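Peer 1: give me the fold of what follows.
(one chain, ligands or ions: 1)
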Amino acid sequence: MRAERIEPVRRILCVFPRYTSSFGTFEHAYPLTDGVQAFMPPQGLLLIAAYLPDNWPVRFIDENIRPASTEDFEWAEAVFVSGMHIQRQQMNDICHRAQAFDLAVAIGGPSVSACPDYYPSFDYLHVGELGDATDELIERLARDPSRPEAQVALTTNERLPMTEFPVPAYELAEIRRYFLGSIQYSSGCPYQCEFCDIPGLYGRNPRIKSPQQIIAELDKLRECGVTGSVYFVDDNFIGNRKAALDLLPHLIAWQKKTGYVMRLACEATLNIAKRPEILEKMREAFFITIFCGIETPDPDALKAMHKDHNMMVPILEGIHTINSYGMEVVSGIIMGLDTDKAETGEALLAFVEESRIPLLTINLLQALPKTPLWDRLARENRLVHDDSRDSNVEFLLPYDQVVDSWRRCMAVAYQPEKLFARYAYQCEYTYANRLKVPVSPELKSWANIKRALIMLRNIFWKVGVRGDYRRVFWKFALARLRRGEIEALIASSLVGHHLITFARDASRGRQNASNYSIRLREASVPAE
Ligand code: SF4
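Peer 2: You can find the predicted model right below:
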């Protein structure tokens, strides 16, 4: 139960840790923008910030934008931290810095909920979702903000219904510094893919907010200055199909009312291709991208990982169907599966060509705690606890062969000419199917035009003049300029530059082969 006021007042510092350099956070695109410094506003920490008693002052620091300062720590009476496994070392680092000021530090979020033992130094562990553990943490801090003598673990037994979630405190974040806006409608997924920790952490029966909550959140994001893309971070947007169908008319009405200022994106299972009634409404709501965990084009591998639902329609046909509603598919791909063979890498590259998907996050298999994969590999004695490796899985193929294959796939898939050919296809055959939206006063405002001009200047100078793939870039760019496709030119160039740069580093062994690997490379700079 959220308390509006609790005395005495406590000053809470919420700190979000830096990301280790990763394929999915687009950091190589930031220098081409008008000042973006971080990927997405963190939902969890901004939700907790909004849930705290109204009379408690809260400060929010995203260390991807700036590190928490001495002044921040001196101001605070307690510190909250949240994050994913990939941010584990950075979270422990924040804990030590805060405790140097004798502050009590609490950690919540997906990583500690799955693996409390990763965080022995924290004063409070908040395990599970927002709920009775959160209330107890607040009560304890109200009673006594000093550090407890021993670590206190608080586990949520009764979750707060999502319909009672407050609007995340977006106003505390420097929202214009983010690459994408973020929003969450549902939590959980009905499927049980072997490698995935979502059903174990958040349940198989998706919980949802009300459409009115989502509209209020969109209004607030808009008030805070978001005008570009907003990503639904739900694990599976169609985990509850009826809920998706309930929400979409509200999104359509909101977009019409506000002049389509936001482009929407989400994650969903590929079997969404079987639901034209959902796809049509998504098109009308101006969804332009869907991330689908395709994982592999190999049917035997999909069966083995219990992702048979990806085969409800032939994969290429499903992608084509989604494209026909104006939505680009972004795909997750996993290498290092037990079903992989020596020729898996070449088969994957053929799939990349055929699917024309520009952006595929190609990762090595990583076993996450609280997954069926983890349990199986533990039984088979195939979990490797060695942070110098790119995966904690003992593959059936030799480790070096799998990593070399991953590197080759990254190098070939993201050759500039291949990537921009796939983007050119999307411009001509996918984006052409998008809703033709009116140009609202907000979109043609001087502030928005200035933003676009700054990005074009950066792209033309850093890629078109100084870049080493400028010939390929100009072939793509001139075709877009001739057709007046400025938005597609900017978006493809920003993301494309990140993909090309990251893939080059990866193929030279300078990047992690897994988004979940905690291996740190030189590219990950400590926040201090
Ligand atoms: S469909 Fe996606 S979210 Fe659901 S269990 Fe599978 S991988 Fe996880």
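
Peer 1: surely residue 106 is within a helix?
Peer 2: No. Secondary structure of residue 106 (DSSP: H, G, I helix; E, B strand; the rest coil): strand, not part of a helix.

Peer 1: and it, what does it touch?
Peer 2: With contact set as CB atoms under 8 Å, 6 or more residues apart in numbering, residue 106 has these partners: 78-81, 122-126, 137. Heads up, the C-betas are built off the backbone N, CA and C, glycines and all.

Peer 1: pLDDT value on it, please?
Peer 2: At residue 106, the model reports a pLDDT of 98.

Peer 1: what residues does this protein have near the ligand?
Peer 2: 189, 191-193, 196, 198-199, 235-236, 269, 293 (CB under 6 Å from any ligand atom).

Peer 1: go with 5 Å
Peer 2: Within the chain, the positions adjacent to the ligand are 189, 191, 193, 196, 198, 235-236, 269, 293 by CB under 5 Å from any ligand atom.

Peer 1: out of these, who's the most crowded?
Peer 2: residue 269 (25 neighbours; other CB atoms under 10 Å).

Peer 1: low pLDDT regions in the chain?
Peer 2: For the chain, residues meeting the criterion pLDDT under 70 lie at 1-3, 512-528.

Peer 1: out of the contacts of residue 106, name the ones that lie in strands.
Peer 2: 78-81, 124-126 (DSSP state E).

Peer 1: can you tell me which of these is nearest the ligand?
Peer 2: residue 126 (22.6 Å; CB to the nearest ligand atom).

Peer 1: next up, the contacts around the closest residue to the closest one other than its chain neighbours.
Peer 2: Closest residue to residue 126 apart from its sequence neighbours, by CB to CB, 6 or more residues apart in numbering: residue 108 at 3.5 Å. Neighbour list for residue 108: 44, 48, 80-82, 125-127, 134 [criterion: CB under 8 Å, 6+ apart].

Peer 1: residue 48 too?
Peer 2: 14, 80, 82, 108, 130, 134.

Peer 1: tell me what the strand or helix carrying residue 111 is packed against?
Peer 2: Using DSSP states H and E, residue 111 sits in helix 110-114. In this structure, helix 110-114 packs against strand 124-127, helix 198-202, with contacts taken as 3 or more CB pairs under 8 Å, 6 or more residues apart in numbering; DSSP states H and E.

Peer 1: if we can go back for a sec, what's across from the residue nearest to residue 126 in the sheet?
Peer 2: Counting by DSSP bridges, residue 108 is bridged to residue 82.

Peer 1: how close does it get to the ligand?
Peer 2: 21 Å (CB to the nearest ligand atom, to the nearest Å).

Peer 1: helix, strand, or coil at residue 129?
Peer 2: coil.

Peer 1: pretty sure it is touching residue 155, no?
Peer 2: No. Counting by CB atoms under 8 Å, residue 129 does not reach residue 155; the two are 10.4 Å apart.

Peer 1: mutual contacts of the two, please.
Peer 2: By CB under 8 Å, 6+ apart, no residue touches both residue 129 and residue 155.

Peer 1: these two: which is more packed in?
Peer 2: Neighbour comparison, residue 129 and residue 155: the larger count goes to residue 129, with 25 against 14 (by other CB under 10 Å).

Peer 1: would you enumerate the residues in contact with that one?
Peer 2: Residue 129 touches 113, 156, 159-160, 187, 202, counting by CB under 8 Å, 6+ apart.

Peer 1: one more time with 10 Å, if that's ok
Peer 2: 44, 47, 108-110, 113, 156, 158-160, 162, 165, 187-188, 201-203, 207 (CB atoms under 10 Å, 6 or more residues apart in numbering).

Peer 1: kindly provide the distance from it to residue 401.
Peer 2: The gap separating residue 129 from residue 401 is 40 Å, by CB to CB, to the nearest Å.

Peer 1: what of residue 387?
Peer 2: Distance from residue 387 to residue 401, by CB to CB: 21 Å.

Peer 1: comparing these two, which residue is more hemmed in?
Peer 2: A side-by-side neighbour count of residue 387 and residue 401, using other CB under 10 Å, places residue 401 first with 14 against 11.

Peer 1: what are the buried residues along the helix or strand where the more buried one lies?
Peer 2: Residue 401 belongs to helix 399-413 when assigned by DSSP H and E. By neighbour count on 16 or more other CB atoms under 10 Å, the buried set for helix 399-413 is 399, 402-403, 405-407, 409-410, 412-413.

Peer 1: the stretch 251-400 of the chain: helices as residue ranges?
Peer 2: 276-284, 299-304, 315-324, 344-355, 372-379, 399-413 (DSSP state H, counting those that start in this stretch).

Peer 1: and the third one, what does it pack onto?
Peer 2: Secondary-structure packing of helix 315-324 (3 or more CB pairs under 10 Å, 6 or more residues apart in numbering; DSSP states H and E): helix 276-284, strand 287-295, strand 328-335, helix 344-355.

Peer 1: returning to what we had before: of all the helices of the stretch 251-400 of the chain, which lies closest to residue 481?
Peer 2: helix 315-324 (23.2 Å; CB to CB).

Peer 1: off-centre distance for that closest one?
Peer 2: How far helix 315-324 lies from its chain's middle: 23 Å, per CA atoms, centre = their mean, to the nearest Å.

Peer 1: can you check what angle separates that helix from strand 287-295?
Peer 2: With axes from the mean of the first three to the mean of the last three CA atoms, to 10 degrees defining the directions, helix 315-324 sits at 170 degrees from strand 287-295.

Peer 1: which positions in helix 315-324 come out as buried?
Peer 2: 315, 318-323.

Peer 1: neighbour count added to the ones in strands among the contacts of residue 106, as CSV?
Peer 2: Converted to CSV, the ones in strands among the contacts of residue 106 look like this (neighbours: other CB atoms under 10 Å):
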residue, neighbour count
78, 24
79, 28
80, 29
81, 30
124, 25
125, 22
126, 28
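
Peer 1: quick one: the strands in the stretch 101-250 of the chain?
Peer 2: Using DSSP state E, counting those that start in this stretch, the strands of the stretch 101-250 of the chain run over 104-108, 124-127, 152-155, 181-183, 186-187, 207-208, 229-232.

Peer 1: mind checking which of the ones you listed is nearest residue 146?
Peer 2: The nearest among the strands of the stretch 101-250 of the chain, by CB to CB, is strand 104-108 at 6.4 Å.

Peer 1: no further questions, thank you.
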